[in-house]
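**Q** pasted the sequence and its predicted model underneath.
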Amino acid sequence: MASERKARRAAFTFGDHKVQPGSRASLALELPGQSRYTPLSMPVHIIHGKKDGPTMFISAAIHGDEIGGIEIVRQLLKQKALNRLHGTLICVPVVNVYGFLNHTRYMPDRRDLNRSFPGSEHGSLAARVAHVFKTEILDRADYGIDLHTGANHRTNYPHIRANMEDEETARLARAFNTAVIVNATLRDGSLRGCAVDQGVPVLLYEAGEALRFETLAVSAGVRGILNVLGAVGMIKRTAKRRPHVTVEAETSHWVRAKRSGLIRNPIALGSHVEKGDRLAHLSDWLGDEESDIRATKEGVVIGRTNLPIVNEGDALFHVAEFDNAEKAGRTVERFASSLEGLGEGDYVDPVVAEE
């Protein structure tokens with residue numbers, strides 16, 4: 001009988017809007033700090049499933065020039081698997097709208113938005129925007145994935161940074177199924193640190209370069225998010241493709257320039273290096289003084305500078321360290337091939353690694 005039917009899921013209320021079960025909506029979250037002549041808002045896309053389940057946020061461009069996550073979100077929202085979503089997905093493709101419009105990492109007050117959480121309703125501009133995101137997005141979520149790229153003029157190989165000491169966070173980091181996981185400490189004032197304080201597991205995905213869209217970074221990001229959605233029961237889990245093996249790094253370090261000059265022939269991202277291996281060639285402007293930049297420890301290169309001009313002390317190569325770096329190197333080599341042939345519509349059947 002009708003009276004015995006299960007009650008319909010409640011609408012998801014966001015500001016003055018109500019998103020009905022089984023529907024989606026693109027909304028604008030008003031931001032502080034601008035005049036009435038130059039209003040700004042944060043774009044938010046909400047998918048509210050017909051069936052109960054967790055609430056997850058996907059955020060990108062918290063650093064305004066790290067735009068790779070915007071393309072990941074765009075492709076994610078086209079996936080048919082989301083039409084049968086359990087729970088609620090909140091996608092915020094541009095968190096730092098101010099920085100995005102000006103092609104810069106920072107807020108107009110020169111503060112780093114990802115060092116301003118939990119924020120304050122009456123603090124600096126960065127603190128106020130952090131407060132808006134916390135109260136309107138983070139406080140509603142059970143899980144989160146924050147999408148990043150390398151900083152300006154740096155490229156990162158796709159990897160997850162997560163607190164692997166937390167059992168649930170570690171489970172989701174492995175489910176994301178990128179090549180490398182780095183057990184990363186929490187930064188004061190970061191979105192991830194604020195989320196941990198609230199008991200919300202958050203993964204930080206690093207891939208690509210600021211102000212660029214890169215195919216490998218985008219493909220790995222879309223697939224990884226779908227894998228995590230499957231792991232928490234928000235979409236159907238399937239295994240038509242064999243899960244890629246993930247390796248975990250306990251720590252990482254930067255190799256820095258011992259003197260200023262120009263670098264040539266830098267080693268490729270994802271390369272396995274042993275202590276003493278050449279990472280790049282360094283010379284002065286005329287080539288009178290030449291030397292090699294060499295690895296200080298064994299590991300896998302997960303980040304590097306893209307600028308040939310370097311100053312003494314500049315961070316040049318980011319190397320992740322593993323118990324078995326040679327095995328990790330082989331894993332990274334196979335990672336790119338696991339994404340071959342995937343396009344915008346080819347992520348319908350996500351793969352989740354076995355626990």
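**A** Good, I have the coordinates. Residues are numbered from 1 along each chain as shown.

**Q** only the buried residues of the lowest-mean-pLDDT helix or strand in the chain, if you could.
**A** In the chain, no helix or strand scores lower on mean pLDDT, DSSP states H and E than helix 325-337, which sits at a mean of 89. For helix 325-337, a neighbour-count test (16 or more other C-beta atoms under 10 Å) marks Ala325, Ala328, Gly329, Thr331, Val332, Phe335 as buried. (Glycine included, C-beta is placed from N, CA and C.)

**Q** which one of those sits closest to Ala179?
**A** Phe335 (3.7 Å; C-beta to C-beta).

**Q** any idea how far the closest one is from Leu101?
**A** Counting by C-beta to C-beta, to the nearest Å, the gap from Phe335 to Leu101 is 34 Å.

**Q** for the chain, just list every one of the helices.
**A** For the chain, the helices defined by DSSP state H occupy 68-76, 97-101, 125-136, 167-176, 191-197, 215-231, 325-337.

**Q** what does the fourth one rub up against?
**A** Translated: helix 167-176. 143, 145, 160, 162-164, 181, 201-203, 205, 224-225, 227-228, 230-232, 246, 352-353, 355 (C-beta atoms under 8 Å, 6 or more residues apart in numbering).

**Q** and what of the fifth one?
**A** When contacts are taken as C-beta under 8 Å, 6+ apart, the neighbours of helix 191-197 outside the stretch itself are 59, 62, 114, 117-118, 130, 133-134, 138, 141, 144, 146, 163, 166, 186-187, 201-202, 204.

**Q** one step back: can you redo the buried residues of helix 325-337 as CSV with distance to Pro43?
**A** Shown next, in CSV, are the buried residues of helix 325-337 (distance: C-beta to C-beta, whole Å):
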residue, distance to Pro43
Ala325, 41
Ala328, 37
Gly329, 39
Thr331, 36
Val332, 34
Phe335, 31
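
**Q** elements contacting the least confident helix or strand of the chain?
**A** Judged by 3 or more C-beta pairs under 8 Å, 6 or more residues apart in numbering; DSSP states H and E, helix 325-337 is in contact with strand 180-183, strand 247-249, strand 272-273, strand 299-305.

**Q** nearest to Leu282, out of those?
**A** strand 299-305 (11.9 Å).

**Q** can you give the strand pairings for that closest one, parallel or anti for each?
**A** strand 154-162 (antiparallel), strand 272-273 (antiparallel), strand 315-321 (antiparallel) (DSSP bridges).

**Q** and the last one, how far from the chain's centre?
**A** Yep, that's strand 315-321 we're talking about. 18 Å (C-alpha atoms, centre = their mean, to the nearest Å).

**Q** pull the CA atoms of it into CSV?
**A** Output of strand 315-321 as CSV, limited to C-alpha atoms (Å, rounded to 0.1, in the frame of the first residue of the first chain):
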residue,chain,number,x,y,z
ALA,A,315,63.6,23.5,-5.4
LEU,A,316,64.2,21.6,-8.6
PHE,A,317,63.2,17.9,-8.2
HIS,A,318,60.7,16.4,-5.8
VAL,A,319,61.7,12.7,-5.0
ALA,A,320,59.4,10.3,-3.2
GLU,A,321,61.2,7.6,-1.1
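
**Q** identify all contacting residues around that strand.
**A** The contact list for strand 315-321 (C-beta under 8 Å, 6+ apart) reads 154, 156, 159, 180, 182, 249-257, 263, 266-267, 273, 279-280, 293, 295-305, 310, 328.

**Q** drop anything exposed from those residues.
**A** Burial by neighbour count, 16+ other C-beta under 10 Å: within the contacts of strand 315-321 this picks out 154, 156, 159, 180, 182, 249, 252, 255, 257, 263, 266-267, 273, 279-280, 293, 295-296, 298-305, 310, 328.

**Q** where does pLDDT dip in the chain?
**A** Residue ranges of the chain with pLDDT under 70: 1-7, 237-244, 341-355.
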